[in-house]
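Chemist: Pasted the sequence and its predicted model underneath.
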Amino acid sequence: METEYALACEELRAAPRRWLVTGAAGFIGSNLLEQLLRLGQEVVALDDLSTGRLHNIEEAVAASGAPADRCRFIEADAADRDAALEACRGVDIVLHQAAMGSVPRSIEEPLATYACNVEGLVSVLDAARESGVQRLVYASSNSVYGDSTHLPQMENRIGTAQSPYAASKRVNEMYANMHRRSYGVELVGQRYFNVFGKRQNPDGPYSSVIPRWIGLLLDGQPCRIYGDGRSSRDFFYVDDVVQANLLAATAEASATGAIYNVASGDPTTLNELFGIIRDGLSRTRPELRDVEPLYEQLRAGEIRHSYADISRARQRLGYVPTHSLAQGLERTLDWYTAH
Ligand code: NAD
C-alpha cells in the first residue's frame with residue numbers, strides 16, 4: 001500500500017506548485033529545496049546567509065537534477081518586510097525555516113535571537129497574508145517543552161522555556177495561532193526534535209552534536225560528553241523532516257491549525273550515539289575503532305531526557321519515519337566522508 005507521503009509526492013508531481021523556502025541555504029532548508037526541485041516544483045529560496053551557505057543551495061539544485069531556473073534565490077533578512085513581500089509574490093505554500101537555531105548562542109545574543117526568530121516569522125506571516133499564500137508551515141522546536149519532565153513529550157504538555165531560543169519558538173507558535181484565527185491563512189507548526197543529515201554544519205561553537213563528533217573523529221580530535229552519557233535525545237534523519245513538511249503542506253485543511261511533534265519517537269543515549277558514529281566511521285578508518293569520548297561535568301540547565309510522542313503526526317498527517325538512527329547515520333557518515 002502506498003504511504004501518505006508517496007501519495008503526496010505523486011500529487012505534487014502531477015500538479016506542481018510555487019513554494020517559498022526561508023532559510024534555504026541552511027541544513028534543513030537546503031534538503032527541503034532539493035526534494036521540492038526533484039518533485040518538479042518551482043521554488044523561491046530566501047536566506048540572509050547568516051549561518052547558511054550559498055554552496056548548499058547550489059548543491060541542492062545540482063543534486064535534484066532540476067534546471068537551475070526553477071529555483072530563484074533572494075539574499076535577504078526574512079524580517080525585512082519588502083524582501084518578504086517580494087519572496088511571497090505568487091507563492092502557494094511557504095516553508096519557514098529561517099532562524100537563529102542555537103540555544104547557547106541565544107543566551108549570548110537574546111536581542112538578535114528575538115529580531116531574527118520573532119520578527120522574522122511575523123514578517124513572513126504578514127507577507128504571506130498580504131500575498132494570498134494558501135498555507136504556511138513553520139519550524140518550531142522541542143525546546144518549547146522546556147522544564148517539563150513528562151515523557152514522551154506530547155504537544156499539549158509543554159513546560160517553561162529555558163532559553164531565549166525556546167521562548168522565541170513558543171512566541172512563534174502563539175503568533176501563528178493568532179494569525180490563523182485573525183486572517184485565515186492555513187498554518188501548521190512543527191516541533192522538530194534533534195535532526196541530523198547531510199549539509200548540517202560541523203564547524204563553529206554552536207554546531208550540533210552529530211556533525212561535530214563526525215568532524216572531530218575524522219580530524220583525530222577528542223569528543224566530549226557532558227555527564228555520564230546516559231542522557232537521551234530523539235535524533236532523527238533529515239529526510240523525515242522533509243517528509244513531515246510536505247505532508248503538512250499537502251494535508252487536508254482540517255489537519256492545519258495544529259502543532260505537530262516531528263521526530264523518531266525513540267530515545268537514544270549519547271553513549272549509544274557515540275558508539276554508532278565511531279563504529280560506522282571505523283569501517284573506513286580502522287584507527288578509530290577503540291576511541292573513547294571524554295566525559296565532563298553535566299552543563300547547567302541541560303535536560304536529561306527528551307523524546308517525542310509522534311502519534312498526532314502519524315494519525316493526522318500520515319507521518320511515518322522512514323529511517324532508523326543507524327540507517328540515517330550510515331547515509332550521513334557516507335556524505336561527510338565523501339565531502
Ligand atoms: P541552519 O542554521 O542550518 O539554517 C537556518 C538558515 O536560516 C540559515 O541558512 C541562515 O542563514 C538562515 N537565516 C537565519 N536567520 C535568517 C533571517 N533572519 N532571514 C533569512 N535567513 C535567515 O539551521 P537548521 O538546523 O537548518 O534549522 C532550520 C530550522 O529548524 C530553524 O528554524 C531551527 O530553529 C529549526 N530546528 C532545527 C533543529 C535541528 O535539529 N536542526 C531542531 C529544532 C528546530
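Modeler: Received, thanks. Numbers count the residues shown, from 1 in each chain.
Chemist: Next one: stretch 14-32, is it in contact with the ligand?
Modeler: Yes: contact of stretch 14-32 with the ligand (Cβ under 6 Å from any ligand atom) involves 22-23, 25-29. (Each C-beta comes from the backbone N, C-alpha and C, glycine too.)
Chemist: ditto for stretch 121-133
Modeler: No: using Cβ under 6 Å from any ligand atom, stretch 121-133 stays clear of the ligand, with a minimum separation of 8.6 Å.
Chemist: before we move on, the earlier item: tell me the one among the residues of stretch 14-32 next to the ligand nearest to the ligand.
Modeler: Gly26 (2.0 Å; Cβ to the nearest ligand atom).
Chemist: Three-state assignment for the closest residue to the ligand within the stretch 51-200 of the chain, please.
Modeler: Here the stretch 51-200 of the chain gets closest to the ligand at one residue, Gly52, 1.9 Å apart by Cβ to the nearest ligand atom. Taken by DSSP: H, G, I helix; E, B strand; the rest coil, the conformation at Gly52 corresponds to coil.
Chemist: In this model Ile28 seems to touch it, though I could be wrong.
Modeler: No: assessed by Cβ atoms under 8 Å, Gly52 is found out of contact with Ile28, at 10.0 Å.
Chemist: Give me the distance between Asp203 and Ile214.
Modeler: Going from Asp203 to Ile214 by Cβ to Cβ, to the nearest Å gives 11 Å.
Chemist: Could I get the full set of helices for this structure?
Modeler: Listed in chain order, the helices of the chain (DSSP state H) span 4-14, 27-38, 54-64, 81-88, 103-108, 110-113, 120-131, 164-183, 209-218, 238-250, 270-281, 311-317, 325-338.
Chemist: To His150, which of those helices lies closest?
Modeler: Taking Cβ to Cβ, helix 311-317 is the member of these nearest to His150, at 14.5 Å.
Chemist: The ligand contacts on the stretch 1-150 of the chain?
Modeler: With the criterion set to Cβ under 6 Å from any ligand atom, the stretch 1-150 of the chain comes near the ligand through 22-23, 25-29, 46-52, 77-79, 97-101, 116, 120, 139, 141.
Chemist: now the helices of the chain in TSV, with mean neighbour count and mean pLDDT?
Modeler: Output for the helices of the chain, formatted as TSV (neighbours: other Cβ atoms under 10 Å; pLDDT from 0 to 100):
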stretch	mean neighbour count	mean pLDDT
helix 4-14	15	97
helix 27-38	25	98
helix 54-64	19	97
helix 81-88	19	98
helix 103-108	17	92
helix 110-113	15	97
helix 120-131	22	98
helix 164-183	19	96
helix 209-218	20	95
helix 238-250	24	98
helix 270-281	19	97
helix 311-317	19	98
helix 325-338	17	93
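Chemist: Can you convert those helices into TSV and add a column each for distance to Pro152?
Modeler: Below are the helices of the chain laid out as TSV (distance: least, Cβ to Cβ, whole Å):
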stretch	distance to Pro152
helix 4-14	22
helix 27-38	22
helix 54-64	32
helix 81-88	36
helix 103-108	21
helix 110-113	27
helix 120-131	27
helix 164-183	18
helix 209-218	20
helix 238-250	16
helix 270-281	17
helix 311-317	9
helix 325-338	16
